[in-house]
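Visitor: have a look; sequence and predicted model below, questions after that.
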Number of protein chains: 2
Amino acid sequence: MSASPAKWNTLQTNRAERLARAGASLGGALDGKALPAALLPDLLYAVIERGDRVCLEGNNQKQADFLGQALAQLDPARVNGLHMLQSVLALPQHLDVFERGVADRLDFSFSGPQAARVAKLLAAGKLKIGAIHTYLELFSRYFIDLTPRVCLIAAEAADRHGNLYTGLNTEDTPPIAEATAFKNGIVIVQVNRIMDTLPRVDIPGDWVDFVVQSPRPYYIEPLFTRDPAQISEIQVLMAMMAIKGIYAPYEVERLNHGIGFDTAAIELLLPTYGESLGLKGKIARHWALNPHPALIPAIESGFVESVYSFGSELGMEDYIRARPDVFFTGPDGSMRSNRALCQAAGHYACDMFIGSTLQIDLQGNSSTATQGRIAGFGGAPNMGADARGRRHASPAWLKAGQQAREGRNTIPRGQKLVVQIVETFREHMQPAFVDRLDAWDLAEQAGMALPPVMIYGDDVTHILTEEGIANLLLCRSDEEREQAIRGVAGYTPVGMGRDRRMVENLRDRGIIQRAEDIGVDKRLATRDLLAARNMKDLVRASGGLYNPPKRFRNW
Amino acid sequence: MSASPAKWNTLQTNRAERLARAGASLGGALDGKALPAALLPDLLYAVIERGDRVCLEGNNQKQADFLGQALAQLDPARVNGLHMLQSVLALPQHLDVFERGVADRLDFSFSGPQAARVAKLLAAGKLKIGAIHTYLELFSRYFIDLTPRVCLIAAEAADRHGNLYTGLNTEDTPPIAEATAFKNGIVIVQVNRIMDTLPRVDIPGDWVDFVVQSPRPYYIEPLFTRDPAQISEIQVLMAMMAIKGIYAPYEVERLNHGIGFDTAAIELLLPTYGESLGLKGKIARHWALNPHPALIPAIESGFVESVYSFGSELGMEDYIRARPDVFFTGPDGSMRSNRALCQAAGHYACDMFIGSTLQIDLQGNSSTATQGRIAGFGGAPNMGADARGRRHASPAWLKAGQQAREGRNTIPRGQKLVVQIVETFREHMQPAFVDRLDAWDLAEQAGMALPPVMIYGDDVTHILTEEGIANLLLCRSDEEREQAIRGVAGYTPVGMGRDRRMVENLRDRGIIQRAEDIGVDKRLATRDLLAARNMKDLVRASGGLYNPPKRFRNW
């Protein structure tokens, strides 16, 4: 190949062409980097080319929905073959781009509410899935082999120079903007308002090409709010077992909680049951967590020392601002989140991940995949995996590692605690324990290289159900592991299939622990133990600072 | 506990007190956020308190050496008990703070050139080590339980508002500044120059409290430059075996190379030997890598499509600027690096890590720790670990996972390729293969909870020496694994201790492969195969754009 200079700057040249087309198309309508909302389609036609990799900021929470809508409405005769990169597909418009033929390829992380439609479009040949990723993995690929050519992102506000204020909901914005801007791509931002002076700058204007004020504020989902009124007494019991049977003996100081009522129950039991056990200052001090409203009582009681967040949560704004010792806040007083760095922190600086799942098999593999729904994983695989690159020690990590290696001829090493907390039966009496994950069928249906497992059995250290705790670290054979799982699987067919003698032996060895084995008094497992029993209690605990979204208010 | 507001903003209040003291101390000498260099000690006395966690930007390459020097010279009667957070300890001043009693506690990642002095200060009771981390792990803790109270960082330039231009050597700066600024800490930056208008903004001024123009540019180390003249023919042979025996069959497209001559040889063989095997466009397309000069010929030949970097490399500035299709560059034309994101990319978006080590034991555990030197790990543990949270597939990852699980009753899963490339004897005829790692002695000496292992044996997939390749993925027992390792350990005592029959059996099964087994012709293993044989060749290959530091020029 010749070394003619032209060959090495095709991206720069192409970027200049796109910007020139945008300039011609928008004429004098630009005010600095800001364009009128009505001209957004013209801008998109000018800067997007067929087959482009386009990253649309669909986060777990905030959505670049105005830009996404405009993209979905483009004429597929003019723009098509787009390869969408998107961490979350949350809105109908996110699938409309495929339905309408504007895009045909997708790499993503999570598609909760749109999971069934993803499967349908896939079956109809309207979209090809590159892969399903965990969040940090997808961001990582933005810098290696999936760099966006154009990104469509969302911020709270911008100034005319393109400086962005993302505030509490910074979420995925920094790595998306960084990868695109520094590979000569085009960065377009929708903002709720354009201001002369921003409360603070989260993304430098040099990284941004165009800003457009959306006619309505970006869509945002209160994904991490759980009404304590819906927590059952079984969940209270499981939370007691978690605190006394896992948090306390392992001295878990740094952790991440999954989403759901099981872990919300734990959060609400820290200042009551946890405090009664003398655990304040000893467990659950440092968190990688969205600002869960259910954590308010634990914060107020002094249990929680710090919380670093992936994103924010609607209604928590004033509370966070009033608790800067706990949360990460900026000079303007509002929170700073950052999903990429918080996922790194969840992976490397936390000793435990605890979360729920839909199905667990006899090897401890768990999955939320069900037939006809391609839902993805979000952050769970990253949090719920042993961080094998970790080298710093903590009591929790050393104890888990020591238990896993006791009696084996292997070099000592620590290990992350990965706990799956599930009731043996979920909604509609579906057993949580199965001989075979639905993920196998889904893999076949969707032509995936591997069944979509959320957390692999060899990363799971404990399974906690209302029947007990199975400590998989202490199992020394596949058979022991299987019986340990059966031994906490209750009246599910998997649980009924247990070898009773072997399960009793595992219990004698402390591999299976029942509530009574760890001194948890089931009679105390009532809702009275919850530090807040409803949304109003949470508001009260916050001193009136928490302001729940309307749908969570019944007063 | 009462909910009096004062209790929740102690960090904010304390920050305001520090800033007030700084204001009083510096008087009218501030120009915006810029202070005269002569007043730096006054600033440090004003804003640093006893026992503070202070993060000093000691990177792999650039050093906040002016700030570090000032810190080391503070009066220990006034400032002491500091807890230093520092990814790299490279300079004598980095230990002087402990020697002089200004600081007494350290959390770090790598201390290459200062490793012996770290051990001495530890033995003398002058410093306590919290832990040794891999880079991303240390950055992660900045957001969880090791948030800096004050950070001392380095940038190329600043404006009076504190906006920073970090340019090519952005390295660790973003997460340090982010963690400190958003937890109400104090951010102090040394810059090479103060400008009215920056080439681009890398860190927003809102995150920065004070900037000081250093009397000399920050110190920077050309850590990744390897003179091809020093590559031996054994290294050429090993590089041929790597390309033909690992890169080609696994179709490794995305990768990271460790530092050293072994991997530099591979880089220099891609456009010659690799091209002759028809591998262009099939292997080594996307890299997470510092801009290694040894990669120039592979870039020029079109082998390399993209390189995303942890930091930069001295002398590569103009070359990078002229190759924006390959490197990540900003609107000003210079590179953007980011160690945190690049480490994430190395962990999650690369299919292979290949690097050297000092010692490997019979289980495949490897370490660079030697007695009397506490050197740390840098990024290797993070790159050289199976990324168990990864969920996207690639041919390399699927094949490695399939080989590891063949014939075992376990759910299919991919696996990262982690290759250790070593000559059986290193300098001074020290065997690279040992019965027992020196890390055990060091752990005892230094009171570490675990021996400091760089890469654990169960993460290593291949060991490559001049004698052959041992594929540990295919081993099915501890004994097979041990014999596979002995079988490539040459004339070291470990190699001589092999069971010859078992090793031959492993070779028959393809677990051990000799050069001839993979069709590598040893007669071709001469330095003629290197695409550049010396520094001048590299300059020539770059079209004169690469400008090596003086110490690498002998013409």
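Guide: That came through fine.

Visitor: neighbouring contacts of the longest helix along chain A?
Guide: Identified as the longest helix of chain A according to DSSP state H is helix A:10-26. Applying Cβ atoms under 8 Å, 6 or more residues apart in numbering or on different chains, the contact partners of helix A:10-26 are A:6, A:30, A:35, A:39, A:42-43, A:45-47, A:49, A:183-186, A:209-210, B:324-325. Heads up, the C-betas are built off the backbone N, CA and C, glycines and all.

Visitor: buried only: go through those for me.
Guide: Buried residues within the contacts of helix A:10-26, defined by neighbour count using 16 or more other Cβ atoms under 10 Å in any protein chain shown: A:30, A:35, A:39, A:42-43, A:45-47, A:49, A:183-186, A:209-210, B:324-325.

Visitor: which helix or which strand is home to residue A:85?
Guide: Under the criterion of DSSP states H and E, residue A:85 resides in strand A:82-88.

Visitor: give me the mean pLDDT for the helix or strand following that strand.
Guide: On the C-terminal side of strand A:82-88, the closest following helix or strand by DSSP H and E is helix A:93-99. Averaging pLDDT along helix A:93-99 gives 97.

Visitor: after helix A:93-99, which helix or strand is next?
Guide: Following helix A:93-99 in sequence order, the next helix or strand is strand A:103-110 (DSSP H and E).

Visitor: quick check, the residue in the stretch 1-150 of chain A closest to chain B?
Guide: Nearest residue of the stretch 1-150 of chain A to chain B, counting by Cβ to the nearest Cβ: residue A:131, 3.4 Å away.

Visitor: direction included, what does the helix or strand encompassing that residue pair against?
Guide: Element membership for residue A:131, per DSSP H and E: strand A:128-132. Here strand A:128-132 is paired, per DSSP bridges, with strand A:103-110 (parallel).

Visitor: tell me the residues of the stretch 51-200 of chain A that contact chain B?
Guide: Applying Cβ under 8 Å from any Cβ of the partner chain, we find that the stretch 51-200 of chain A lies next to chain B at A:107, A:130-134, A:136-137, A:139-141, A:143-145, A:147, A:163, A:175, A:178-179, A:181-184, A:200.

Visitor: please apply the same query to the stretch 201-350 of chain A.
Guide: Going by Cβ under 8 Å from any Cβ, the residues of the stretch 201-350 of chain A near chain B are A:201-206, A:253-254, A:285-288, A:300-302, A:306, A:308, A:322-326, A:328-331, A:336, A:338, A:340-342, A:344-345, A:347-350.

Visitor: now, those residues that are in strands?
Guide: A:254, A:286-288, A:306, A:308 (DSSP state E).

Visitor: residues in contact with residue A:283?
Guide: Applying Cβ under 8 Å, 6+ apart, we find residue A:283 in contact with A:243, A:247-248, A:251-253, A:270, A:274.

Visitor: quick one, grab the pLDDT at it.
Guide: You'll see residue A:283 listed with a pLDDT of 98.

Visitor: could you look up the SS state of it?
Guide: coil (DSSP: H, G, I helix; E, B strand; the rest coil).

Visitor: report the contact partners of the nearest residue to residue A:36 once chain neighbours are set aside.
Guide: Of all residues not flanking residue A:36 in the chain, residue A:29 sits nearest, at 5.7 Å (Cβ to Cβ, 6 or more residues apart in numbering or on different chains). Residue A:29 makes contact with A:35-36, A:39, according to Cβ under 8 Å, 6+ apart.

Visitor: got it, and residue A:259?
Guide: A:223-224, A:355.

Visitor: got phi/psi on it?
Guide: With angles defined as degrees, to the nearest 10, residue A:259 shows backbone torsions of phi -90, psi 150.

Visitor: how much space separates it from residue B:415?
Guide: 29 Å (Cβ to Cβ, to the nearest Å).

Visitor: what of residue A:166?
Guide: Residue A:166 is 36 Å from residue B:415, by Cβ to Cβ.

Visitor: between the two, which is the more surrounded one?
Guide: When residue A:166 is set against residue B:415 and neighbours are counted by other Cβ atoms under 10 Å in any protein chain shown, the residue ahead is residue A:166, at 28 against 23.

Visitor: was I right about the more buried one contacting residue A:200?
Guide: No. Look at residue A:166 against residue A:200 with Cβ atoms under 8 Å: they stay out of range, at 9.4 Å.

Visitor: flag the shaky bits of the stretch 351-500 of chain A, pLDDT-wise.
Guide: Within the stretch 351-500 of chain A, no range satisfies pLDDT under 70.

Visitor: how about the helices in it?
Guide: Using DSSP state H, counting those that start in this stretch, the helices of the stretch 351-500 of chain A run over A:380-383, A:395-405, A:439-446, A:478-486, A:493-496, A:500-508.

Visitor: and the fifth one, how far from the chain's centre?
Guide: The gap between the average C-alpha position of helix A:493-496 and the chain average comes to 31 Å, counting by Cα atoms, centre = their mean, to the nearest Å.

Visitor: who touches that helix?
Guide: Against helix A:493-496 from outside (Cβ under 8 Å, 6+ apart): A:362, A:424, A:431, A:433-435, A:467, A:485-489.

Visitor: how is chain A carved up into domains?
Guide: A:30-220, A:228-535 (the TED database).

Visitor: save these as JSON lines, and put in distance to residue B:126 too.
Guide: Output for the domains of chain A, formatted as JSON lines (distance: least, Cβ to Cβ, whole Å):
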{"stretch": "domain A:30-220", "distance to residue B:126": "38"}
{"stretch": "domain A:228-535", "distance to residue B:126": "21"}
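
Visitor: so which of the ones you listed comes closest to residue B:449?
Guide: Proximity to residue B:449 (Cβ to Cβ) singles out domain A:228-535 among the domains of chain A, at 4.3 Å.
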